[in-house]
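> have a look; sequence and predicted model below, questions after that.
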Number of protein chains: 2
Amino acid sequence: MPCPEREVNPVSETFPRPAESARPTMIDVAKRAGVGLGTVSRVVNGGAGVRDETASRVRVAIDELGFQRNEVARALRPGKKSSSLALVLGDLTNPFYATIAKASLEVAGQDGFAVVLGSVDEDPEGERRAIQELVGRQVAGLMIVPDQGDHSFLAGAGVPVVFVDRPAHGIEADIVMVDNEGGGKLATDHLLQQGHERIAILLAPSYYTTGRRLRGYRRACRAAGVEVDESLVIQLPEGTAEAAEKATRELMHRPDPPTALFASTNFLTEGVLRALREVTKQPGFGEPAVVGFDDFRLADMLPTPVTVVASDIAELGRIAARLLLDRASKSDTRPPQRIVLPCQLIQRGSGERSATGKAAGRSGG
Amino acid sequence: MPCPEREVNPVSETFPRPAESARPTMIDVAKRAGVGLGTVSRVVNGGAGVRDETASRVRVAIDELGFQRNEVARALRPGKKSSSLALVLGDLTNPFYATIAKASLEVAGQDGFAVVLGSVDEDPEGERRAIQELVGRQVAGLMIVPDQGDHSFLAGAGVPVVFVDRPAHGIEADIVMVDNEGGGKLATDHLLQQGHERIAILLAPSYYTTGRRLRGYRRACRAAGVEVDESLVIQLPEGTAEAAEKATRELMHRPDPPTALFASTNFLTEGVLRALREVTKQPGFGEPAVVGFDDFRLADMLPTPVTVVASDIAELGRIAARLLLDRASKSDTRPPQRIVLPCQLIQRGSGERSATGKAAGRSGG
DNA sequence: CTCCTGGACGGTAACGTTTCCAAAGTTTAC
DNA sequence: GTAAACTTTGGAAACGTTACCGTCCAGGAG
């Protein structure tokens, strides 16, 4: 039985509907409590310097009227930035970004800060516009996963900025990121240890991170005395699984295919695996080793559990938010920090296949 | 070679640092352009009723000073709600929520609206606080994935509200959701058709959706003349994969285990699969059929690709945002809508295993 | 009893924008 | 040539809050 078509019915129950009613202000509260405006303000802000009896009278009035402070008016006062942080990032559907968002949301929430989200899809101009918009909203600070391009326009914004995952040009600000180069080296070293010498690396067109990971790859190869076959360094036109799948398929059908693949992004890893699933069904195709960058859900549940180089992404978001909150409250006046989180190798099987076709090392788990 | 420890160094390059400089206001612009305040406002807001020559003079001044409108002050004016929507939801790490967030962000962004996020973790009081906070920020509208409990306090907020994924009590507002009951029936029907009669259903403690999906399950069973074994209706204490894994393991070790499982949530499906991977390794355990609710990434890449009942979650977010924007702009004054998106069955293999242990129907893809 | 001190409270001026009204300037109509 | 109508412009009020500055009262000291 097929699902019903999309149905559009007015709900039938009768409940109060959100009314465009005028919300009570402090003045209303003051009148009702029979006190002055200043007194209400004092009560709302902690109540220092107000007699208990007066304060409770005010609180009663607040409850009765359902008053709630207008944060916008509050933020208008000079020096009182709004208690919101802004987070500008790419695709929230990417667990990498979603994890950062969630973690920073939690940290900000503990301090009573909201997080305003700006999502940008690989569009430097769009990013700039989004940032300007958010600055106009008087946010207390900006967390940015920056795109390529000059970010010096932020210097005059009068707002603390923390860059996440990659640095930006043209401005000196805090930056929290993972050890991309180290991770790239870690992954490549691991594959080299299994005896692989033809290791392909797939790179998303992302600004910065890609370059660092490639650098780690090269460094590992050089250290091992393995010459890099430049035809195995694949710069994808897009950072999607589909692009990686297509590239991998082509790669594996070459006369001299790689015996191992290093996918420098979680989505790329997915694409690689999709391609390999097809390709290795055909006779004569050995299954190459695969290492991914960034862990992902279900990586351990795939037919061959996937070995990855990973770091604590949630921690990335937490650190960024904490740093930004400290900057915003002026409690942190150190020079801009550069915080780099380590990566670690998680061996699950796909990366432990030796160059001769057999799996080595522990697999699973 | 292990990764380097977390390193914390000041960045060395010398770039302008974000300064706490006073931002120029319209008054500054007016002075510089030699015009009145009102004229600047008119130019900033589209420039109707201003001579071209005057307007361009103002624009020059704006550029020179780097003026940018203070959205907070703007939002203070009566009737001018800030151009932000609020989205209150649970765990952003859940692709389900992340998809909603992304979709609504896109739609809102097209209209020049930002989205303020409030994340709440299964805490009715926390949800209420988060919502109040956001209302205080004068958002133009609220999108809420509501928790259990009374939401009538929203009636006086003076802000349009759209509920997403599940309705709320105590207030009449728009609601956009998927056809939970239909989806539950669809999944169960499918399993029944494979000859299963002992179908377990795993339910997260989530408000509302769980109940509807269970209802679909029961309706399907009744229609097929299969009596529901209540011991196969598993109410989990938590909506996590771990809880589902544990429950599934226990379930499969019963004297009379189910021949099929219906996991009513994406995380639950994951837990079920984890448990089955362990359990079915042991001799004497046939692999039960599995159908999940909500599609998830890599579902088709698992050893047995996973059959799911799914709907267009992104569309859920898009519709909600669009509806809210229309409500906020007063261009939509219809009575509250109830929009239900259909579910469809995606057969991939795990749900097509027959009760006798053999896979039936098409698998893969 | 008076003066002083200090806490409690009330009032008012911002904050930066939009909106409205009036004034000034310009065109059109007679 | 004058009146009327319209366009363009300037200025002031208001939005709801906080910060500051007085005022007022009570109580203690002289």
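Right, received. Where do you want to start?

> please pull out the lowest mean pLDDT helix or strand from chain A.
Across the helices and strands of chain A, mean confidence by mean pLDDT, DSSP states H and E is lowest for strand A:7-10: a mean of 44.

> hmm, who's touching the next helix or strand along the chain from that strand?
Per DSSP states H and E, the first helix or strand lying C-terminal to strand A:7-10 is helix A:26-33. With Cβ atoms under 8 Å, 6 or more residues apart in numbering or on different chains as the contact definition, helix A:26-33 has outside contacts at A:36-37, A:39-41, A:44, A:54, A:57-58, A:60-62, A:64-65, A:67, A:69. For the C-beta atoms, the positions are set from N, CA and C on the backbone; glycine is no exception.

> list the buried residues in stretch A:241-258.
Within stretch A:241-258, the residues that count as buried by 16 or more other Cβ atoms under 10 Å in any protein chain shown are A:241, A:243, A:244, A:245, A:246, A:247, A:248, A:249, A:251, A:252, A:257, A:258.

> next, the residue of the stretch 101-250 of chain A found nearest DNA strand D: secondary structure please.
Proximity of the stretch 101-250 of chain A to DNA strand D (Cβ to the nearest atom of the strand) peaks at residue A:138, 12.4 Å away. Using DSSP: H, G, I helix; E, B strand; the rest coil, the structure places residue A:138 in coil.

> got the contact list for it?
Contact partners of residue A:138, counting by Cβ under 8 Å, 6+ apart, are A:75, A:81, A:82, B:70, B:71, B:72.

> for those residues, which one is nearest residue B:145?
Distance to residue B:145, by Cβ to Cβ, is smallest for residue A:82 among these, at 24.2 Å.

> up against DNA strand D, what does chain A have?
Residues of chain A lying near DNA strand D by Cβ under 7 Å from any atom of the strand: A:22-23, A:25-27, A:37-38, A:41, A:44-45, A:67, A:69-70, A:73-74, A:76-77, A:79-80.

> can you tell me which of those are buried?
Buried subset of the residues of chain A next to DNA strand D (neighbour count, 16+ other Cβ under 10 Å): A:23, A:25, A:26, A:41, A:44, A:67, A:69, A:70, A:73, A:74, A:76.

> need those residues in CSV with distance to residue A:290, can you?
Below are these laid out as CSV (distance: Cβ to Cβ, whole Å):
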residue, distance to residue A:290
A:23, 57
A:25, 62
A:26, 62
A:41, 62
A:44, 58
A:67, 59
A:69, 54
A:70, 55
A:73, 56
A:74, 53
A:76, 55
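
> can you narrow those to ones near DNA strand C?
Filtering those for proximity to DNA strand C by Cβ under 7 Å from any atom of the strand leaves A:73, A:76.

> residues near the nearest residue to the residue of the stretch 101-250 of chain A closest to DNA strand D once chain neighbours are set aside, how many?
Nearest residue to residue A:138, sequence neighbours excluded (Cβ to Cβ, 6 or more residues apart in numbering or on different chains): residue B:72, at 4.5 Å. Look at residue B:72: counted by other Cβ atoms under 10 Å in any protein chain shown, it has 24 neighbours.

> still on that earlier bit, pick the one among the contacts of helix A:26-33 closest to chain B.
Chain B has its nearest neighbour among the contacts of helix A:26-33 in residue A:69, at 5.7 Å by Cβ to the nearest Cβ.

> show the residue spans covered by the helices in the stretch 101-250 of chain A.
Taking DSSP state H, counting those that start in this stretch as the criterion, the stretch 101-250 of chain A contains helices spanning A:124-136, A:180-193, A:209-224, A:241-252.

> elements contacting the first one?
In terms of contacts (3 or more Cβ pairs under 8 Å, 6 or more residues apart in numbering or on different chains; DSSP states H and E), helix A:124-136 is packed against strand A:84-89, strand A:114-119, strand A:141-144.

> as CSV, the ones you listed with mean pLDDT and distance to DNA strand C would be great.
Output for the helices and strands packed on helix A:124-136, formatted as CSV (pLDDT from 0 to 100; distance: least, Cβ to the nearest atom of the strand, whole Å):
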stretch, mean pLDDT, distance to DNA strand C
strand A:84-89, 91, 17
strand A:114-119, 86, 18
strand A:141-144, 94, 19
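
> now render those strands as a markdown table, adding mean neighbour count and distance to residue B:179.
Formatted as a markdown table, the helices and strands packed on helix A:124-136 follow (neighbours: other Cβ atoms under 10 Å in any protein chain shown; distance: least, Cβ to Cβ, whole Å):
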| stretch | mean neighbour count | distance to residue B:179 |
| --- | --- | --- |
| strand A:84-89 | 27 | 32 |
| strand A:114-119 | 25 | 28 |
| strand A:141-144 | 26 | 38 |
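
> contacting residues for residue A:245?
Residue A:245 makes contact with A:271, A:272, A:274, A:275, according to Cβ under 8 Å, 6+ apart.

> how about the residue in the stretch 51-200 of chain A that DNA strand C sits nearest to, secondary structure?
Nearest residue of the stretch 51-200 of chain A to DNA strand C: residue A:54, at 3.3 Å (Cβ to the nearest atom of the strand). Look at residue A:54: counting by three-state DSSP, its state is helix.

> tell me the contacts of it?
Applying Cβ under 8 Å, 6+ apart to residue A:54 gives the contacts A:33, A:35, A:39, A:43.

> how many neighbouring residues does the closest residue to residue A:118 other than its chain neighbours have?
Leaving out its chain neighbours, the residue that sits closest to residue A:118 by Cβ to Cβ, 6+ apart is residue A:130, at 3.9 Å. When neighbours are counted by other Cβ under 10 Å, residue A:130 registers 21.

> against residue B:86, how distant is residue A:130?
Going from residue A:130 to residue B:86 by Cβ to Cβ, to the nearest Å gives 17 Å.

> same deal with residue A:170?
From residue A:170 to residue B:86 the distance is 33 Å (Cβ to Cβ).

> now swap in residue A:83 and tell me
14 Å.

> what residues are up against the nearest residue to residue A:314 once chain neighbours are set aside?
Closest residue to residue A:314 apart from its sequence neighbours, by Cβ to Cβ, 6+ apart: residue A:103 at 4.2 Å. Taking Cβ under 8 Å, 6+ apart, we find residue A:103 in contact with A:313, A:314, A:315, A:316, A:317, A:318, A:321.

> what does chain A have sitting close to DNA strand C?
With the criterion set to Cβ under 7 Å from any atom of the strand, chain A comes near DNA strand C through A:34-39, A:49-51, A:53-55, A:73, A:76-78.

> can you pick out the most distant pair from those residues?
A:53 and A:78 (33.1 Å).

> could you give the number of residues near residue A:52?
Around residue A:52 there are 8 other residues, counting by other Cβ under 10 Å.

> that one and chain B, how far apart?
25 Å (Cβ to the nearest Cβ, to the nearest Å).

> and what of residue A:277?
Distance of residue A:277 to chain B, computed by Cβ to the nearest Cβ: 7 Å.

> any bit of stretch A:224-231 sitting next to chain B?
No - applying Cβ under 8 Å from any Cβ of the partner chain, one finds stretch A:224-231 separated from chain B by no less than 11.2 Å.

> er, stretch A:39-47 actually
No - using Cβ under 8 Å from any Cβ, no contact is recorded between stretch A:39-47 and chain B, whose separation bottoms out at 11.2 Å.

> in PDB, list the C-alpha atoms belonging to that stretch.
Output of stretch A:39-47 as PDB, limited to C-alpha atoms (Å, rounded to 0.1, in the frame of the first residue of the first chain):
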ATOM      1  CA  THR A  39      14.600  49.500  39.800                       C
ATOM      2  CA  VAL A  40      13.100  47.000  37.400                       C
ATOM      3  CA  SER A  41      16.400  47.000  35.500                       C
ATOM      4  CA  ARG A  42      18.300  46.400  38.600                       C
ATOM      5  CA  VAL A  43      16.100  43.500  39.600                       C
ATOM      6  CA  VAL A  44      16.300  41.900  36.100                       C
ATOM      7  CA  ASN A  45      20.100  42.200  36.200                       C
ATOM      8  CA  GLY A  46      20.700  40.500  39.500                       C
ATOM      9  CA  GLY A  47      19.000  42.800  42.000                       C
END
